[in-house]
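**Student:** Next come a sequence and a model predicted from it.
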Amino acid sequence: MIPFEQFVLQNGLRVVVHEDHATPMAVVNVMYDVGARDEDPSKTGFAHLFEHLMFGGSVNIPSYDEPLQRAGGENNAYTTNDLTNYYCQLPAENIETAFWLESDRMLSLAFGEKSLETQRKVVSEEFKEHYLNKPYGDVWHKMRSLAYTTHPYRWMTIGAELSHIENATLEDVKRFFFKHYRPSNAILTVAGHVTTAQVRQLAEKWFGDIPSGEKYIRHLPLEPVQTAPRKLEVHANVPADAFYKCWHICSRTDRRYYATDLLTEVLSGGGSSRLFQSLVKEKQLFSNIGCYHFGSIDAGLAAIEGKLVKGVKMEDAEAAVEAELQKIKGTSVEEKELRKVKNKTESLIIFEDMSLMNRAGSLSFYTLLGNTNMINEELERYQLVSAEELRQEAEIIFDANNSITMYYFGNH
Amino acid sequence: MVNRQFAPGIKDAINYTLELKPFRKFILSNGVAVYAIDAGVEEVVQLELVFNAGNWYEHQNMVASTTNHMLKNGTSRKNAFNINEHFEYYGSYLNRACYNETAMLSLHSLTKHLHELLPVIQELITESAMPEAELDIYRQNMKQKLEVNLKKCDFVSNRLIDEYLFGINHPYGKYSSSIAYDALQPEQLRRFFDQYYVNGNCTIFIAGRLPNNIELLLNENFGSLPLNKAQLPHITHPVEAAAEKKYRIINDKEGIQGAIRIASHFPGRHHPHFTKAQVLNTLFGGYFGSRLMSNIREDKGYTYGIHSYMQNHVQQTAWMISTEAGKEVCEATIAEVYKEMQALREKAVPEEELLLVKNYLIGTILGDLDGPFHIIGRWKNIILNELGEDYFYTAVADIKNVTAKEIQELANQYLHPNRFYELVVV
């Protein structure tokens, strides 16, 4: 049981407090309900660019990092297709420093031309490092634009193309900020050696006078149901052929999510999982293989990806994957195998919750989903999944008409 | 309205008293030492069996790491699938890792399942069979993975810089190759396994919410094994550093970034300068606000990130600066790295910046003492490196007390461009 309390400020800022007096530290986590899915299709990569700009100084404070580090703190941030999260950890006695810093950058950024100029370059290098200058680095860029015709998940967090970031202007940046970085669009979670009363007082003091702004109402275009298989062949300068296949799955808040998650675990969670045992060890068609899903809030994708052993034909590799999928669609998993993936999920949740920072992040995420107490309810939902539900879910997901296949051929 | 112009008051982190929870030590019947931290609220446990079985002891490249990997790939009674299934059924994670001096098996599990898992770990470290078929699969897949990795400039640069520093025959300088994988034979692995695991030298670290009968449990499973009987062979490996210091390599004609590595030898953890040099390293390139990050990322935008650090070797080590930068700005990046070294040599670091770094480091240690796994991690480092039980406290004192003058002296001693190897791989 992870205890928490919550309240909402007048301006709409949702606040969650998790007291843990076993640590001398405090975590301050600010999650903004904005991700790459909220971007204009002609200005992609903004949510992520923002993550960088948020460290370039706010309206009253020239540097975010320096005062935090002086107070013994450290911080980081990440952006997904769904949300942007900023978190810092510091000795609890210095917690007001974090309130001062986080509230000032929610009030307004400094919007310096120099900061924008530099971060455009930094993000370009990040783009190159992770997506252009890496073998297979373009796979998800291509896969997303094939899997989604309409929904903004069709571009990656880093952006659809470098030019969107290179052409970003200060005006664009300001508009994006005042549309999305408002108290009514944010969740503040404070965890560690703090009290709810103290957090309430500090939240009122530092965040209370920030104008609530116009509430952003998300109207994203729904992805039409896919009705026929989609395929793509890619030839690139890589040493090994690779096979990628995706299927549309349900959203994060759908009750079917838990079966989907366990399904990917049955297929490829660890050395005794089905795909690894059958295709890497017994048939030796793949040198590695994985199955996972994106965990996105809106309807996402499940994926299987693997590199083929030299000399193996793509069609043979695909047929072997298909045979495993037929098996899981046709016959319910044995009780022992189901128990195994549930036990793994149980320990994963417990291990994750060991870290104060993870607890703060999870509390924010579940609040964003609409029910903070999911942090205490998730395990039970996994436990309720039956073998038959898994089989049914497999049947729904692993349907040829729902699939997107990519043959990625190397030169050899 | 709150006044946002002024920072709230802070307690300097250097005024905190840091405490590292002491371990409990007990000795199994066969002499194996166990270091235990019983702490935390979650009912979880982390068990690490550390063997002196790193690549320092192998006579042929890759034997140590392959033996370590194959610990999960079959015993005389269980095949790889059975082993994986057993640990996974109980929701536990059994990992192995091979380093230069040591190699280990580590288990993360819920405390309630520990008694089901220990007997199988015992089986793995006494009866691993190193099956040929498993070795063949491993070899094939690792060779393919290597081929992919060799396309990456960062991977290639990490290998080469170590080779320049220590020599291709030294445990710190050698690396994998297709030829080395092809030369592996099950018989060599079995011999290595027999000498360095079955009859090897082992230390156990355990942390978390420990069951009341933990001593008994460990003794039942590991206390009667023939461990810690034989003396470790005394093996020395001469360092053969490259004569040439500057390298520019084209690995991929179409590459758009270069992996830059700038490195020099450094005496290592036992040297009295080590902790104070760590403070200098933090200032230089060891945290987000470092001189290198502020200049090369935040001012020039040449890179997504640039870092400096001391390599984690037991004996002598290396001071490394590492980044990936746009191909056309690699030389400019290197010039800026040397400028930052020069600035640290020529001008004492301002008191305010030094205090900030000290607070940051102490705050980080304070935060890092979160939970039993982190606490045992610190002790493991101290014990395996034989740093002495007061090391934590002397290191904290060194961080708190180091002066700007000492930092400048260290910069003058260690941060000279002519000490450094320099490599760009595109």
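**Tutor:** That came through, no problem. Numbering: from 1, shown residues only, chains lettered A, B, ... in the order given.

**Student:** Contacts for stretch A:175-182 next, please.
**Tutor:** Here stretch A:175-182 makes contact (CB atoms under 8 Å, 6 or more residues apart in numbering or on different chains) with A:12, A:32-34, A:38, A:46-47, A:50, A:106, A:108-109, A:111, A:210-216. (C-beta placed from N, C-alpha, C; glycine too.)

**Student:** Distance-wise, check the residue nearest to B:Ile306 when sequence neighbours are not counted relative to A:Thr345.
**Tutor:** Closest residue to B:Ile306 apart from its sequence neighbours, by CB to CB, 6 or more residues apart in numbering or on different chains: B:Thr323 at 3.8 Å. The spacing between B:Thr323 and A:Thr345, counted by CB to CB, to the nearest Å, is 38 Å.

**Student:** Please, which helix or strand holds B:Ser176?
**Tutor:** Following DSSP states H and E, there is no helix or strand that holds B:Ser176.

**Student:** I'd like to know which elements the host helix or strand of A:Val30 is packed against.
**Tutor:** A:Val30 is part of strand A:25-32 when elements are defined by DSSP H and E. Applying 3 or more CB pairs under 8 Å, 6 or more residues apart in numbering or on different chains; DSSP states H and E, we find strand A:25-32 packed against strand A:84-91, helix A:95-107, strand A:186-192, helix A:356-369.

**Student:** Can you check what angle separates it from strand A:84-91?
**Tutor:** Per axes from the mean of the first three to the mean of the last three CA atoms, to 10 degrees, the angle that strand A:25-32 makes with strand A:84-91 is 170 degrees.

**Student:** Let me know the next secondary structure element after strand A:25-32.
**Tutor:** helix A:46-53.

**Student:** next SSE after that next one?
**Tutor:** Downstream of helix A:46-53, the next assigned helix or strand under DSSP H and E is helix A:65-70.

**Student:** what's the burial count for B:Ala183?
**Tutor:** By other CB atoms under 10 Å in any protein chain shown, the residues close to B:Ala183 number 14.

**Student:** Show the contacting residues for it.
**Tutor:** B:Ala183 neighbours (CB under 8 Å, 6+ apart): B:Gln60, B:Asn61.

**Student:** picking that back up, and B:Thr323 and A:Thr345? Which one has more around it.
**Tutor:** B:Thr323 (29 against 21).

**Student:** OK, contacts around that one?
**Tutor:** Each residue near B:Thr323 by CB under 8 Å, 6+ apart is listed here: B:Ala259, B:Ile260, B:Leu292, B:Ile296, B:Thr303, B:Gly305, B:Ile306, B:His307, B:Thr333.

**Student:** and if you look at B:Lys229?
**Tutor:** Taking CB under 8 Å, 6+ apart as the criterion, B:Lys229 is in contact with B:Asn30, B:Gly31, B:Asn199.

**Student:** give me the number of residues near the second one?
**Tutor:** Under the neighbour criterion other CB under 10 Å, B:Gly31 is assigned a count of 12.

**Student:** I'd say it and B:Leu225 touch.
**Tutor:** No: using CB atoms under 8 Å, B:Gly31 is not in contact with B:Leu225, being 10.5 Å away.

**Student:** what's the domain layout of chain A?
**Tutor:** The record's domain parsing of chain A by automatic domain parsing lists A:5-207, A:230-409.

**Student:** can you pull out the strands in the chain?
**Tutor:** Let's take chain A. With strands called from DSSP state E, chain A shows them at A:5-8, A:14-19, A:25-32, A:74-79, A:84-91, A:186-192, A:230-235, A:242-248, A:286-293, A:301-308, A:403-409.

**Student:** my bad, the chain I had in mind was chain B
**Tutor:** In chain B, the strands defined using DSSP E lie at B:24-27, B:33-38, B:44-51, B:93-98, B:103-110, B:202-208, B:246-249, B:257-266, B:303-310, B:317-326, B:421-425.

**Student:** Now render those as TSV, adding mean pLDDT and distance to B:Ala129.
**Tutor:** Listed next are the strands of chain B as TSV, based on pLDDT from 0 to 100; distance: least, CB to CB, whole Å:
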stretch	mean pLDDT	distance to B:Ala129
strand B:24-27	97	30
strand B:33-38	97	27
strand B:44-51	98	18
strand B:93-98	97	16
strand B:103-110	97	16
strand B:202-208	98	20
strand B:246-249	97	41
strand B:257-266	96	40
strand B:303-310	95	39
strand B:317-326	96	36
strand B:421-425	98	40
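
**Student:** Let me have those in CSV, extended by distance to B:Tyr414.
**Tutor:** Shown next, in CSV, are these (distance: least, CB to CB, whole Å):
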stretch, distance to B:Tyr414
strand B:24-27, 36
strand B:33-38, 33
strand B:44-51, 30
strand B:93-98, 30
strand B:103-110, 31
strand B:202-208, 32
strand B:246-249, 19
strand B:257-266, 7
strand B:303-310, 11
strand B:317-326, 7
strand B:421-425, 14
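
**Student:** circling back: what would the helices and strands packed on strand A:25-32 look like in a markdown table with mean pLDDT and distance to chain B?
**Tutor:** Listed next are the helices and strands packed on strand A:25-32 as a markdown table, based on pLDDT from 0 to 100; distance: least, CB to the nearest CB, whole Å:
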| stretch | mean pLDDT | distance to chain B |
| --- | --- | --- |
| strand A:84-91 | 96 | 5 |
| helix A:95-107 | 97 | 4 |
| strand A:186-192 | 98 | 9 |
| helix A:356-369 | 97 | 6 |
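
**Student:** out of those, nearest to A:Val59?
**Tutor:** helix A:95-107 (5.8 Å; CB to CB).

**Student:** Can you give me the separation between the single nearest residue of chain A relative to chain B and A:Val123?
**Tutor:** Residue of chain A nearest chain B, by CB to the nearest CB: A:Gly72 (2.4 Å). With the distance defined as CB to CB, A:Gly72 ends up 29 Å from A:Val123.

**Student:** between the two, which one's more packed in?
**Tutor:** Between A:Gly72 and A:Val123, counted using other CB under 10 Å, A:Gly72 has the larger neighbour count: 31 against 24.

**Student:** and the nearest residue to that one once chain neighbours are set aside, how many neighbours?
**Tutor:** Among residues not flanking A:Gly72 along the chain, B:Gly363 sits closest, at 2.4 Å (CB to CB, 6+ apart). Burial of B:Gly363 is recorded as 26 neighbouring residues (other CB under 10 Å).

**Student:** which residues does the most centrally placed residue in chain A contact?
**Tutor:** Chain A has A:Thr80 as the residue nearest its centroid, 4.6 Å off, counting by CA atoms, centre = their mean. If a contact means CB under 8 Å, 6+ apart, then A:Thr80 has A:Gly35, A:Ala36, A:Thr157, A:Ser296 as its contacts.
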